[in-house]
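**Student:** One predicted model, sequence on top.
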Amino acid sequence: MQQTETKAGLHRGEMIKEAIKASGVAVGVVAEKMGISRKTLYNKFKEASIPYSFILKLGEVIHHDFSQEFPHLGKTVKKEAPKPQAPAPNSLLLPFDGEPQEPYRPGNMRECEQELVKLQRKYIALLENFNELLMKTSQGK
């Protein structure tokens, strides 16, 4: 058995290299999403025995199921639970940062016209407020 092959005859580094190539995702993007440098990822391609946890994480990044290459992977290796992220401060959330909402779709021409008039009024009010702000700031100079 060659030094570059694993017990099953599979070079894990070559396998992940081919999977990344087949995914069409750039190596730099994969490395960034994995939280490693491109150089580190290229070095992984040379390694014959890469930890299965790394392979699972890579599979998530490139949306590849490595159970074809490693049938036992799904049975014996448990995925780590995602690390909880600190919640974003509420003061920084904007109205559109919440859950995506279904966009308003007018049912007929009359509703379209009403929506257009409402948006025009909002736009005009916004322009007037902006104009007032400009006047106040220019008077202060």
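**Tutor:** Structure received. Nothing here was measured: the structure is a model prediction, and the numbers come from that model. Residues are numbered from 1 along each chain as shown.
**Student:** Nearest residue to the middle of this structure?
**Tutor:** Central residue check for the chain by C-alpha atoms, centre = their mean: the C-alpha nearest the mean position is that of K33, 8.0 Å away.
**Student:** so it is in which element?
**Tutor:** Taking DSSP states H and E as the definition, one finds K33 inside helix 27-34.
**Student:** which residues touch that helix?
**Tutor:** Residues outside helix 27-34 that contact it (C-beta atoms under 8 Å, 6 or more residues apart in numbering) are 20, 37-38, 40-42, 57-58, 61-62. Every C-beta, even on glycine, is put in place using the N, C-alpha and C of the backbone.
**Student:** thinking again about what came up before, how much space is there between the residue nearest to the centre of the chain and A19?
**Tutor:** Distance of K33 to A19, computed by C-beta to C-beta, to the nearest Å: 14 Å.
**Student:** hmm, back to that, check which residues of the following helix or strand past the helix holding K33 are buried.
**Tutor:** Beyond helix 27-34 in the direction of the C-terminus, DSSP H and E gives the next helix or strand as helix 38-46. Residues of helix 38-46 classed as buried: 41, 44-45 (neighbour count, 16 or more other C-beta atoms under 10 Å).
**Student:** now the helix or strand that comes right after helix 38-46, how far from the chain's geometric center?
**Tutor:** Helices and strands here follow DSSP H and E; after helix 38-46, the next one along the chain is helix 52-62. Here helix 52-62 is found 15 Å from its chain centre; the criterion is C-alpha atoms, centre = their mean, to the nearest Å.
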